[in-house]
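Q: any chance you could fold what I've pasted below:
(2 chains)
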Number of protein chains: 2
Amino acid sequence: MRVEVINTGTELLLGQVTNTHVGYFGGELLALGLRIGRQTTVPDGDAIRTVLEEAFGRSDVVLVTGGLGPTPDDITRELCAELLGLELCEDEAITAAIRERVERGGRPMREVNRRQAMVPRGAEVLTNPHGTAPGLYFPAGLVGGSPHLFLLPGPPRELMPMWADGVLPRLRRALASEGRLGPAVSNHFFMGLGESELAARLGEIEEGPQLELGFCLKWGGVIVRCIGEPAAVEAAAAWIRVAAPADYVGEGAGPIERAVVAVLAERGESVATAESCTGGLIACRITDVPGSSQVFGHGFVTYANEAKRDVLGVGEDLLAEHGAVSEPVVRAMAEGALSRSGAHHALAVSGIAGPGGGTPEKPVGTVWIGLASRGGETLAVLKHFPTDRAHFKERTANAALDLLRRRLAQTER
Amino acid sequence: MRVEVINTGTELLLGQVTNTHVGYFGGELLALGLRIGRQTTVPDGDAIRTVLEEAFGRSDVVLVTGGLGPTPDDITRELCAELLGLELCEDEAITAAIRERVERGGRPMREVNRRQAMVPRGAEVLTNPHGTAPGLYFPAGLVGGSPHLFLLPGPPRELMPMWADGVLPRLRRALASEGRLGPAVSNHFFMGLGESELAARLGEIEEGPQLELGFCLKWGGVIVRCIGEPAAVEAAAAWIRVAAPADYVGEGAGPIERAVVAVLAERGESVATAESCTGGLIACRITDVPGSSQVFGHGFVTYANEAKRDVLGVGEDLLAEHGAVSEPVVRAMAEGALSRSGAHHALAVSGIAGPGGGTPEKPVGTVWIGLASRGGETLAVLKHFPTDRAHFKERTANAALDLLRRRLAQTER
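A: Numbering: from 1, shown residues only, chains lettered A, B, ... in the order given. Next comes the predicted model:
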C-alpha cells in the first residue's frame, strides 16, 4: 500500500512548531508493515488543493493533519468533499457535542463552529474527545478509485488518541481484507565503528526483494535496520549480532546510557562521574534513564583546577606538571571519584571543549577519558573530537559511557 | 520568491529521526522575509526524482537536505546533475579533504568516499568542516530556468554551519540582486509569564501591513518576533522592552544560561550548583556557554542522600525529618555548595522527576529550588512540573537559572 502524509499548517513552516506527526506515524505504520512513501507540508489555505489532487491519484492511503479548525483558512474538510464530489450534511450529534464543549468553556456557540459538524456523505466520523474538530474517514473506493483518506486534527493531544482509536483499527481491517501481512523489522545498535566500516563488515548479507538493510547514524553510533521477509530478517539479524561483537550494543537499543544503566542495575553495581569539559553531561544523561538512582549516587563537576584538587583530591603537583588535560590528572580524577563516592566504577573526563583554550600540543578537541573500577586497573584513553562545543561534549560523553559499557561487557560478573 | 524544501531520508519517515530542518529553515528564512511554500519528505533512493522535477518547475529556491552520503542510496548529487544535464567532475581539493578527514579518523579512504568529491559543472562547493559531504549550490538559471538549488547534508551539526556560511549569504545576494530588501526583524525573549499574558501586555501595539507580531514558545520562555517596516519594528521594540521588565531576558537572546553567564562574567561573580533531580543538567547548560569557566568552577550532583550528606554536609536529621525533597534540605544543599565551592552564588534543586517516587504529599513533578548568595538571604521556592522526566528536568533547570537571573537583575553590583 502506498501511504502518503499531508500536513497542513503555516506554523509548521515558520519555525514555530516542529512536525512530530511524521515520525509518530512512521513508527506506528512500520509496525503494520507500512511505510510513508511521501510526506508534504503546506501552509493553511488553498495550497493543499494541488497536493490532495496529486495524492488521490498516486496513493492508496492518504493521511491529512490540520485544517479542520473553525477559522476561514481551515478548509481541508470542504476541499476533500469538493474534490471527491460529495455533498456536506450537518451531523446533529456533532453539533450538539461541539455546543456542549464550547459552552462548557464559557464561550458562545458560533456559526463557524457549526462548520466542524459538516460531514461529507459516505464519510465516517472519528470522534475527538480532546477538541471540537472530529476527524473523518473516507473508505477506499468511495468515489471511483479514491484512496483510504483520513482527515485528522493537528494538535498532538487530539491526534494521538484518534490515531489509536480511529485510524489504526481501520488500517488493520483494510490490510486484513486484502490478505496482507506486514514484514518483519529488526534494529541493531553499534557504537565505536563508522557507518562505512560496518557496511563493509555486513557486506556478505545479500539484499534483495526479501531483505532491505538501512543504516542510520543515531545516539553517537549506527543503527542497522533490517526489513523484509521474517526468515530473511532473522538470518540477517543472526549475522549482524556477531559481526562486530565488541561494538554491538544491542537490539532496538537507545542512547548508550540506557544500556549502561541496565547492565549496572543487573549486576548491582554503581558508577560515579568526575567531569571537567563535559560539565555534567555524563551525569545528566545517566540520570535521564528512569530508575538510574539504583546505579548512580554521586557526580562531581570539577570545572576549575581547585575543584579537581579540593573535591577529588587531585595532587597540586600533577596539575602543575602535566596540566588539567593529561593522563595522570584524569586517572587521579577517576580514582578520587571512586574513593569519595564508594561507587563500583568512576568515569572521569578532562579536555578542551573550545572555542578557546587550545594550544599546539593540546588543540581544541583533545580529551582524556579515565575509568577506575573497584579492584580493577584504571584505564585512560586519549581522544580527539575537533568540532563545536556542544558536539564535543556529546561525543566525549558517548565515548566515556562506551568505555564503561565495554569494561562491563568484558569483565566477569 | 517561491521557496520549497525537500528532505530525503528514510529515517525521517520511519519514526527514528524527527525532521528539525523545516522549522530551522522556516525561522531563518522568515528573517529574510521569505516563507516556505511547500515541504516534502521522501525516502532515500530514486523517490526524490519526481519531487525534484516538480520543484524545478514551480519554485525559485529549492533547498534539498540529505542524500549526499557515501552509501548507494545517497543519490541526490547524481540525480540533480542528471536532471539538469550537467557533467560531474572530481574536485581534487575535496578528495584530499575527505582523505585527510577519513584517515585522521583511523579509517582507510574508500572508493565510495570519492563519490562525495564529484561536482556538477557550474555548481559551487559549500565546504563542510563537520563532515565529509560538501554541499552544492546551483545558481538560478544555470540551465534554462533552473531555480537557486542548494544540496545540503542531513546531519544538523553539518547542516547548520553550512546554512550560516553557505546558504544565507547567497540568498541575501540573490534577494539584493533583484532589488528586494528583507523587512526589519527584532526578537525579544521573556521568561516567567505565559504567552497570553504577554500578548495582553502588548495589546496596545497595533499590527497591520507595516508590522506583524508573532509569539513562539522557546527556551522555556516566550519569544516575541516583530517583522515589518524598520520604523514600525523599532517603535514596537521600544514598547516591548519595558512591557514586563522583570521577565524580560533580552533582545535576540537564547537559552537562559547565556544571559546568566554574561551577567555573572560582567560582575566578576561565580555560581556553583548542587543538583539532585536534574542530575547535572544545570551545570551542563552553564558549561554549554563558551567562556563559562570564568563564572563556574564547581558542580555537585548529589543524587543519593549519602551524597547530599557527605559531599554537601546536609544534616542527617534534616533528611530524616523532612525528606530529600523539602525546603530545609534544598536550603542546606545551596548553602553547602556555596561554602564548599567558595562561589558567589549556589543553586540547588531537589525534586521528584518520576516516573516513580511520587507520594500523595509529594507527587511526581514536585521540586524545591534553592539559591544561596554570599552575604545574601537564601531563597527557596516550590514548583510543580507534572510532566515527563526529560521535560521535568528541563523546566526545573530553566526555573533555577531564572531565579539566579532575577536575583542578579535586582541586586546592586
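Q: what lies in contact with stretch A:69-84?
A: By C-beta atoms under 8 Å, 6 or more residues apart in numbering or on different chains, the list of residues contacting stretch A:69-84 from outside reads A:8, A:10, A:44-46, A:48-49, A:52-53, A:56, A:64, A:66-68, A:86-88, A:110, A:112-113, A:115-116, A:118, A:120, A:132-133, A:136, A:138, A:142-143, A:146, A:149, A:151, A:154. (Glycine included, C-beta is placed from N, CA and C.)
Q: next, the buried residues of that stretch.
A: Buried residues in stretch A:69-84, counted by 16 or more other C-beta atoms under 10 Å in any protein chain shown: A:Gly69, A:Pro70, A:Asp74, A:Ile75, A:Thr76, A:Arg77, A:Leu79, A:Cys80, A:Ala81, A:Leu84.
Q: ok, now stretch A:335-355?
A: A:335-338, A:340-341, A:343-354.
Q: now, which of these lie within strands?
A: In this view, the buried residues of stretch A:335-355 that belong to strands under DSSP state E are A:His345, A:Ala346, A:Leu347, A:Ala348, A:Val349, A:Ser350, A:Gly351.
Q: surely the fourth one and A:Cys277 touch.
A: Which is A:Ala348. No: in this structure, A:Ala348 is not within contact of A:Cys277 by C-beta atoms under 8 Å, at 10.6 Å.
Q: nearest to A:Thr273, of the ones in strands among the buried residues of stretch A:335-355?
A: For these, the residue nearest A:Thr273 by C-beta to C-beta is A:Leu347; the value is 5.3 Å.
Q: need the residues that contact the helix or strand of chain A with the lowest mean pLDDT.
A: Least confident helix or strand of chain A, by mean pLDDT, DSSP states H and E, is helix A:111-115 with a mean of 81. Contacts to helix A:111-115, defined as C-beta under 8 Å, 6+ apart, come from residues A:Pro70, A:Thr71, A:Pro72, A:Arg77, A:Glu78, A:Glu90, A:Thr95, A:Ile98, A:Arg99, A:Val102, A:Thr132.
Q: phi and psi next, for the fifth one.
A: In this entry, A:Glu78 is assigned phi and psi values of phi -60, psi -40 (degrees, to the nearest 10).
Q: let me know the pLDDT of it.
A: Among the per-residue scores, A:Glu78 holds a pLDDT of 94.
Q: is A:Val3 in contact with A:Gly33, as I believe?
A: No: under the criterion of C-beta under 8 Å, A:Val3 is not in contact with A:Gly33, lying 10.7 Å apart.
Q: can you give me the strands in the stretch 101-250 of chain A?
A: Taking DSSP state E, counting those that start in this stretch as the test, the strands found in the stretch 101-250 of chain A are A:118-120, A:124-126, A:135-138, A:148-152, A:184-190, A:211-218, A:221-228, A:248-251.
Q: which of these sits closest to chain B?
A: Between chain B and the strands of the stretch 101-250 of chain A, the tightest spacing by C-beta to the nearest C-beta is seen for strand A:211-218, at 4.4 Å.
Q: got the CA positions of that closest one in PDB?
A: In PDB, the C-alpha atoms belonging to strand A:211-218 read as follows (Å, rounded to 0.1, in the frame of the first residue of the first chain):
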ATOM      1  CA  LEU A 211      15.500  -8.100   2.700                       C
ATOM      2  CA  GLU A 212      16.400  -4.400   2.900                       C
ATOM      3  CA  LEU A 213      19.200  -3.100   5.000                       C
ATOM      4  CA  GLY A 214      19.300   0.500   6.200                       C
ATOM      5  CA  PHE A 215      21.900   2.500   8.100                       C
ATOM      6  CA  CYS A 216      21.200   5.400  10.300                       C
ATOM      7  CA  LEU A 217      23.500   7.500  12.500                       C
ATOM      8  CA  LYS A 218      22.000   8.000  15.900                       C
END
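Q: could you check the angle that strand makes with strand A:221-228?
A: Strand A:211-218 runs at 160 degrees relative to strand A:221-228, counting by axes from the mean of the first three to the mean of the last three C-alpha atoms, to 10 degrees.
Q: quick check: mean pLDDT of strand A:211-218?
A: 84.
Q: that strand near chain B anywhere?
A: Yes: using C-beta under 8 Å from any C-beta of the partner chain, strand A:211-218 reaches chain B at A:Gly214, A:Phe215, A:Cys216, A:Leu217, A:Lys218.
Q: isn't the third one right up against B:Gly15?
A: So that's A:Cys216. No: judged on C-beta under 8 Å, A:Cys216 makes no contact with B:Gly15 at a distance of 11.2 Å.
Q: interface residues of the stretch 1-150 of chain A facing chain B?
A: A:12-20, A:22-28, A:30, A:35-43, A:47, A:51.
Q: which of these fall within helices?
A: Among the residues of the stretch 1-150 of chain A next to chain B, DSSP state H puts A:Leu12, A:Leu13, A:Val22, A:Gly23, A:Tyr24, A:Phe25, A:Gly26, A:Gly27, A:Glu28, A:Leu30, A:Val51 in helices.
Q: let me see the contact set for the fifth one.
A: Under the criterion of C-beta under 8 Å, 6+ apart, the neighbours of A:Tyr24 are A:Pro156, A:Met160, A:Trp163, B:Gly15.
Q: got a pLDDT number for the third one?
A: Same thing as A:Trp163. 94.
Q: what about the nearest residue to A:Phe385 once chain neighbours are set aside, neighbour count?
A: Ranked by C-beta to C-beta, 6 or more residues apart in numbering or on different chains and with sequence neighbours excluded, the top spatial neighbour of A:Phe385 is A:Arg395, at 4.4 Å. The local packing of A:Arg395 (other C-beta atoms under 10 Å in any protein chain shown) involves 18 other residues.
Q: on contacts alone, who are the packing partners of the strand or helix carrying A:Arg395?
A: Assigning secondary structure by DSSP states H and E places A:Arg395 in helix A:389-410. When contacts are defined as 3 or more C-beta pairs under 8 Å, 6 or more residues apart in numbering or on different chains; DSSP states H and E, helix A:389-410 packs onto helix A:256-267, helix A:281-286, strand A:345-351, strand A:366-373, strand A:379-384.
Q: which parts of it are buried?
A: So for helix A:389-410, counting by 16+ other C-beta under 10 Å, buried means A:389, A:391-406, A:408.
Q: before we move on, what about stretch A:237-248?
A: Here stretch A:237-248 shows A:Ala237, A:Ile240, A:Ala243, A:Ala244, A:Asp247, A:Tyr248 as buried, counting by 16+ other C-beta under 10 Å.
Q: can you redo those residues as JSON lines with distance to B:Pro183 and pLDDT?
A: Below are the buried residues of stretch A:237-248 laid out as JSON lines (distance: C-beta to C-beta, whole Å; pLDDT from 0 to 100):
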{"residue": "A:Ala237", "distance to B:Pro183": "54", "pLDDT": "95"}
{"residue": "A:Ile240", "distance to B:Pro183": "53", "pLDDT": "95"}
{"residue": "A:Ala243", "distance to B:Pro183": "55", "pLDDT": "93"}
{"residue": "A:Ala244", "distance to B:Pro183": "53", "pLDDT": "92"}
{"residue": "A:Asp247", "distance to B:Pro183": "51", "pLDDT": "95"}
{"residue": "A:Tyr248", "distance to B:Pro183": "53", "pLDDT": "95"}
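Q: with respect to B:Ala174, which of those is nearest?
A: Using C-beta to C-beta, the buried residues of stretch A:237-248 come closest to B:Ala174 at A:Asp247, 45.4 Å.
Q: so who does the closest one touch?
A: With C-beta under 8 Å, 6+ apart, A:Asp247 has these contacts: A:Phe190, A:Met191, A:Gly192, A:Leu193, A:Leu198, A:Gly221.
Q: restrict those to those near chain B?
A: Filtered for proximity to chain B (C-beta under 8 Å from any C-beta), the contacts of A:Asp247 leave an empty set.
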